[in-house]
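Student: this one's structure only:
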């Protein structure tokens, strides 16, 4: 078995999400979520290496305005069972919403702050 390569805490959470890809909007359900990506239900339109936008619709704020976390991403795996999306870009508000979701649903919320002090990417070595 290969060693764990993930550098961010994942939480099992089932949220409705919208994935925009190639001019289409696909409704999916998350299986798990991290600050770096999402594992979700599959769809034949979700093709590996394809750029996408993920929209998580959260509860409305006190004034009744919808709250969304919007992330640009890339589909890194797509099988008949699941699709994995790597988040590549998000604005500050979306990051804060995502961080709060992960902190709320993990057993060790203090670990999230520590993870933010370390790179989400493995070190690169140049020859």
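Tutor: Looks like it came in fine. Because the structure is predicted, anything quoted here is derived from the model rather than measured.
Student: bridging across strands, which residues link to residue 11?
Tutor: Per DSSP bridges, the residues bridged to residue 11 are residue 33.
Student: look up how far residue 82 lies from it.
Tutor: 16 Å (Cβ to Cβ, to the nearest Å). For every residue, glycine as well, the C-beta is placed using N, CA and C.
Student: most centrally placed residue in the chain?
Tutor: The residue lying closest to the centre of the chain (Cα atoms, centre = their mean) is residue 37, at 2.9 Å.
Student: wait, that one sits on residue 87?
Tutor: Yes: between residue 37 and residue 87 there is a contact under Cβ atoms under 8 Å: 5.3 Å.
Student: so what's in contact with the two at the same time?
Tutor: Residues touching both residue 37 and residue 87 (Cβ atoms under 8 Å, 6 or more residues apart in numbering) are residue 73.
Student: list the buried residues for the longest helix anywhere in the chain?
Tutor: Ranked by residue count and defined by DSSP state H, the top helix of the chain is helix 92-105. By neighbour count with 16 or more other Cβ atoms under 10 Å, helix 92-105 contains the buried residues 94, 97-99, 101-103.
Student: same question for stretch 41-50.
Tutor: Applying 16+ other Cβ under 10 Å to stretch 41-50 flags 41, 45-46, 50 as buried.
Student: and if you look at stretch 17-31?
Tutor: Neighbour counts over stretch 17-31 (16+ other Cβ under 10 Å) mark 17, 19, 21, 26, 28, 30-31 as buried.
Student: give me the mean pLDDT for it.
Tutor: Taken as a whole, stretch 17-31 carries a mean pLDDT of 96.
Student: run through who's touching that stretch.
Tutor: Residues contacting stretch 17-31 (Cβ under 8 Å, 6+ apart): 12-16, 38-41, 43, 45-47, 50-57, 75, 82-83, 85.
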